[in-house]
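Undergrad: All I have is the shape, not the residue letters:
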């Protein structure tokens with residue numbers, strides 16, 4: 001059977017392309033989320049490392065200027081981490097939206113593929129029935 005026999009072939013091809021596009025968008029969104037999560041982890045690690053350093057300096061004795069520098073740094077990093085957490089949350093939401101979009105595209109494509117398969121089976125049965133009828137007619141004519 002030729003592919004042309006499926007009358008919704010253009011729609012199926014469109015759905016396949018849409019699924020491919022949605023997969024790409026999902027992969028990009030997931031990569032962005034992973035990058036943002038890694039950045040957040042690095043920021044938190046930096047703060048932890050410098051917090052340890054600050055504690056050591058406090059035990060040794062720290063000047064007011066150094067205390068002010070650490071305070072400013074921790075304040076800025078705290079804001080950076082808060083912003084990054086917000087960014088991670090937004091990107092996580094975006095990944096979920098892209099996942100749903102991909103699922104919808106996959107369902108649409110799968111539905112048309114199932115329809116194509118059923119159509120193919122139906123056409124084959126139709127052709128087989130016609131061939132059977134033709135063979136029976138030939139057999140009847142040969143007997144006469």
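TA: That came through fine. All figures in this text were calculated on a predicted structure; none of them were measured in a lab.
Undergrad: And for residue 120, the neighbour number?
TA: 14 (other CB atoms under 10 Å). (Glycine included, C-beta is placed from N, CA and C.)
Undergrad: nope, residue 43 is what I meant
TA: 17.
Undergrad: SS state for it?
TA: Here residue 43 is helix, with the state taken from DSSP: H, G, I helix; E, B strand; the rest coil.
Undergrad: OK, contacts around the most centrally placed residue in the chain?
TA: Centroid-nearest residue in the chain, with CA atoms, centre = their mean: residue 26, separated by 2.8 Å. Each residue near residue 26 by CB atoms under 8 Å, 6 or more residues apart in numbering is listed here: 95, 98, 99, 101, 102.
Undergrad: can you tell me the helix or strand for it?
TA: Element membership for residue 26, per DSSP states H and E: helix 9-60.
Undergrad: and after that helix, which helix or strand comes next?
TA: Next in sequence after helix 9-60, counting helices and strands by DSSP H and E, comes helix 64-143.
Undergrad: gap between that next one and the chain center?
TA: Distance of helix 64-143 from its chain centroid, counting by CA atoms, centre = their mean, to the nearest Å, is 7 Å.
Undergrad: For residue 84, give me its contacts.
TA: By CB under 8 Å, 6+ apart, the contact set of residue 84 is 36, 39, 40, 43.
Undergrad: show me the contacts for the closest residue to residue 112 other than its chain neighbours.
TA: The shortest distance from residue 112 to any non-neighbouring residue, by CB to CB, 6 or more residues apart in numbering, is to residue 12 (4.4 Å). With contact set as CB under 8 Å, 6+ apart, residue 12 has these partners: 6, 109, 112, 113, 116.
Undergrad: Now for those residues: which two are most distant?
TA: For the contacts of residue 12, the maximum inter-member distance is 13.5 Å, found between 6 and 109 (CB to CB).
Undergrad: Show me the shaky parts of the chain.
TA: Scanning the chain for pLDDT under 70 picks out the ranges 1-5, 144.
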